[in-house]
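Asker: Would you be able to build a 3D model of this:
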Amino acid sequence: MTVLRSWFTLSYKWQVVVVLLCALLPNLNTLFHGFVLDDKVVYTENQYVQKGISGIPQIFSSNSFEGYFTGSGKGSTVSENRYRPLTLAFFAVEKQIFGNQAFLAHLIHLLFYGLLCFLLFNIIQKLLAYKYPADANALAMISACLFAVHPLHSEVVANIKSLDEIFVLLFSLLSVNSVLKYQKSKGILQLTLAGLWFLFALFSKEHAIVWLVLLPLALFYFTPIDKRSLLKSIIPMVAAATIYVVCRLAVLGTQLYVDSRNFLENPFLTVRGEKILLMQDADRIGTILYTLLRYIYLHIFPYPLTHDYAPKSISTYAIASPAAVISLMLYLLFIVLIIKWRKSLPVISYGLMFFIIALLPASNLFVNTGAYMGERFAFMPSLGLCLVFAWFLKYAVIDKFKMGMVVFLILILAFSARTFTRNLDWKDNLTLFTADIKHSSNSAKLNSSLGFTLLENYRNSADKESNKHLLTQAIGYLNKAVKVYPRYSDCIFLLGNAYYLNKNYPEAVVTYEKYIDLNPADASIIKNYQKALRELGRKYFYDDSNNSAAKNALLKSYKLNNQDDQVLELLGSVEAEMGYLLKSLEYLLKSVEINPNSASTWANLYITYTRLGDKARAQDAINRGMAIDADIVKKLMSVKTK
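Answerer: Sure, this is the predicted structure:
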């Protein structure tokens, strides 16, 4: 035990090594992952980022998702109010130097995480050294190690897109560090750097604004600062915030938030039949309280973890539900403890306050984030709870029990193992979606994403027959998504495609028609719909011997595309079987005019001419067909002529 306790008396260099090992070792497996999830939005398919350095002016003059949505014909009301250009600019530089190299992107990402954890250890030690000179190192190490290995941070570390979460905390802490240096040197350079670092934090993510409150409170709680120095310390940050707001207004305008009526972007909407309605206020607040409770739970028991908390992955909770009531009581208790312990137990008081304040922007209480919650949203707030946990581990466990240090080490190892295994899920989209659908089974978005990924894997497979199970699974998940959200038009489109690939043409046609009902002006569906009608007609004719149904389906297909030689050939065959030989001849001649190299059309012309008694033209047709493909002609020649 003496050896274990000596961790806290290691030289500064070795303390840093311990923190870095905690940050890097459990996350080394992320280096071998690809680009996952929203990496395409901010990196691989973002037009401005893909331009490299030349795209940076557009990045700083646009909302953060414009480079992805530009030219796609799609958009997002939620994303229109995001202005986080710094990480995109960094990705553009990264792309310029390295290209789209996932390994290098993950390596740089992980190094920034290691730097963040080192800085976190350093800042906590400096802050607490004023009031707790004997225990500052121990508290800083425990806090930093807990933060570094916590499984709740897997999303931020494994997902390159979440560099914005790392940057916002990293630059905010650098700002704190400069302010602490200013307290000793009183140099204007440190104040300038504090403002610059904070500006970088704001340009990374607007949630950094909470540090306008958190930094002064940290100085007030832990340092012997006078009011005048405190005011001077805040001025550069206020100036930085002003610059950010001016830039944001210039780019995005004055509208801060749009209350989206898109079911997939607003978790507080409900579907009732064909109507989409706002959730009752009591249910909205109750559901928010449940998510706030779940944030606390996941800090203590980080299972299950999922990247997807989109509608309707979480059930609706009434404000009087047990979960909502417990959550409200717990947060009220936190507020009482913050006030009561502000002097006697300042670390706990500040830690709880940090958690609540940092969580507010993502809580949905004031601004709808577009999801019920998100594990990445807890990244910065978790620093507050890590401080609280560190205090209890140090004074209530390690100092009180001989095996206390062993308990701490077991916790670190358990969290590290959980982080490592959770990171495995982030290897690629299919692995992630397959793992998380178990815990977000009612998410319309995740079911659709998994269905789409399986569908693409099937399309790209060389052996379609042996990979048919991928198509079957895709149809199941796409159907689930549509069941959750019946007006999910993009998913309905995909489902129609899946049915078509599965040769279930009746369902493909019905599904495409549902899409057309929802999007009558979208012409992109017509080509798929027309082909599905053609194949449905072929099925009715050859498999079901239902000439009337075949003709109806084919005429609909012909109306959508009168230059489809296959439709014309099929109509010619159907008309011939129904006894309308002249009409059959008309369709077949149009077909062969469009595609004179179709052996089957010439064979069908032979049959029709034979039935009409025109032996000369029949012979000419059979000769042409045999010259193109004798096997096809021989097969069709078996049809009995009348």
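Asker: in this structure, what spans have low per-residue confidence?
Answerer: Scanning the chain for pLDDT under 70 picks out 1-8, 71-80, 256-258, 638-642.
Asker: Okay, helices next: where are they in the stretch 351-500 of the chain?
Answerer: Here the stretch 351-500 of the chain has its helices, by DSSP state H, counting those that start in this stretch, at 382-392, 404-424, 429-436, 444-460, 468-484, 489-501.
Asker: Let me have those in a markdown table, extended by distance to residue 110.
Answerer: Using the backbone N, CA and C atoms, a C-beta is placed for each residue, glycine as well. Formatted as a markdown table, those follow (distance: least, CB to CB, whole Å):
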| stretch | distance to residue 110 |
| --- | --- |
| helix 382-392 | 18 |
| helix 404-424 | 11 |
| helix 429-436 | 18 |
| helix 444-460 | 25 |
| helix 468-484 | 32 |
| helix 489-501 | 34 |
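Asker: Enumerate every residue touching the residue nearest to residue 320 when sequence neighbours are not counted.
Answerer: Excluding its sequence neighbours, the residue lying closest to residue 320 (CB to CB, 6 or more residues apart in numbering) is residue 286, at 7.3 Å. Residues near residue 286 by CB atoms under 8 Å, 6 or more residues apart in numbering: 316, 317, 318, 319, 320, 321, 324.
Asker: which two from those end up farthest apart in space?
Answerer: Spatial extent of the contacts of residue 286 (CB to CB) is set by the pair 316 and 320 at 12.6 Å.
Asker: ok, those two, which is more surrounded?
Answerer: A direct count of neighbours by other CB atoms under 10 Å for residue 316 and residue 320 places residue 316 higher, at 16 against 9.
Asker: Residue 180: which of the helices of the stretch 351-500 of the chain is closest?
Answerer: Counting by CB to CB, residue 180 lies closest to helix 382-392 out of these; the figure is 16.3 Å.
Asker: between the closest one and helix 404-424, how many degrees?
Answerer: Inter-element angle recorded for helix 382-392 and helix 404-424: 160 degrees (by axes from the mean of the first three to the mean of the last three CA atoms, to 10 degrees).
Asker: tell me which residues in helix 382-392 are buried?
Answerer: Residues of helix 382-392 classed as buried: 382, 383, 384, 385, 386, 387, 388, 389, 390, 391 (neighbour count, 16 or more other CB atoms under 10 Å).
Asker: what's that helix packed up against?
Answerer: Here helix 382-392 touches helix 136-149, helix 281-300, helix 346-359, going by 3 or more CB pairs under 8 Å, 6 or more residues apart in numbering; DSSP states H and E.
Asker: Dump it to CSV, restricted to CA.
Answerer: This file holds the C-alpha atoms of helix 382-392, laid out as CSV (Å, rounded to 0.1, in the frame of the first residue of the first chain):
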residue,chain,number,x,y,z
SER,A,382,-17.9,15.4,-16.5
LEU,A,383,-14.9,17.4,-15.3
GLY,A,384,-17.0,18.7,-12.5
LEU,A,385,-18.1,15.2,-11.4
CYS,A,386,-14.6,13.9,-11.7
LEU,A,387,-13.6,16.5,-9.2
VAL,A,388,-16.3,15.4,-6.8
PHE,A,389,-15.4,11.7,-7.3
ALA,A,390,-11.8,12.5,-6.7
TRP,A,391,-12.6,14.2,-3.4
PHE,A,392,-14.6,11.2,-2.1
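Asker: returning to what we had before: which ones among the contacts of residue 286 map onto helices?
Answerer: Among these, DSSP state H puts residue 324 in helices.
Asker: which of the contacts of residue 286 are buried?
Answerer: Buried subset of the contacts of residue 286 (neighbour count, 16+ other CB under 10 Å): 316, 317, 318, 319, 321, 324.
Asker: isn't the last one right up against residue 317?
Answerer: To tie it back to what came earlier, the one meant is residue 324. Yes: Residue 324 lies in contact with residue 317 (CB atoms under 8 Å); the separation is 5.3 Å.
Asker: re the thing from before, what separation do you get for the residue nearest to residue 320 and residue 18?
Answerer: Distance of residue 286 to residue 18, given as CB to CB, to the nearest Å: 43 Å.
Asker: Ok, residue 277 next?
Answerer: For residue 277, the distance to residue 18 (CB to CB) stands at 54 Å.
Asker: okay, the two: which has more neighbours?
Answerer: Shown here are residue 277 and residue 18; by other CB under 10 Å, residue 18 has more neighbours (17 against 11).
Asker: quick check, that one in a helix?
Answerer: Yes: assessed with DSSP: H, G, I helix; E, B strand; the rest coil, residue 18 lies in a helix.
Asker: Isn't it up against residue 149?
Answerer: No: counting by CB under 8 Å, residue 18 does not reach residue 149; the two are 11.3 Å apart.
Asker: With adjacent residues omitted, what lies nearest to residue 109?
Answerer: Of all residues not flanking residue 109 in the chain, residue 160 sits nearest, at 5.4 Å (CB to CB, 6+ apart).
Asker: Let me see the contact set for the one you found.
Answerer: Neighbouring residues of residue 160 by CB under 8 Å, 6+ apart: 35, 36, 39, 42, 43, 91, 102, 105, 106, 109.
Asker: same thing but 6 Å
Answerer: The contact partners of residue 160, taken as CB atoms under 6 Å, 6 or more residues apart in numbering, are 39, 105, 109.
Asker: Kindly present those residues as a markdown table, with separate columns for distance to residue 587 and secondary structure.
Answerer: Listed next are these as a markdown table, based on distance: CB to CB, whole Å; DSSP: H, G, I helix; E, B strand; the rest coil:
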| residue | distance to residue 587 | secondary structure |
| --- | --- | --- |
| 39 | 50 | helix |
| 105 | 56 | helix |
| 109 | 61 | helix |
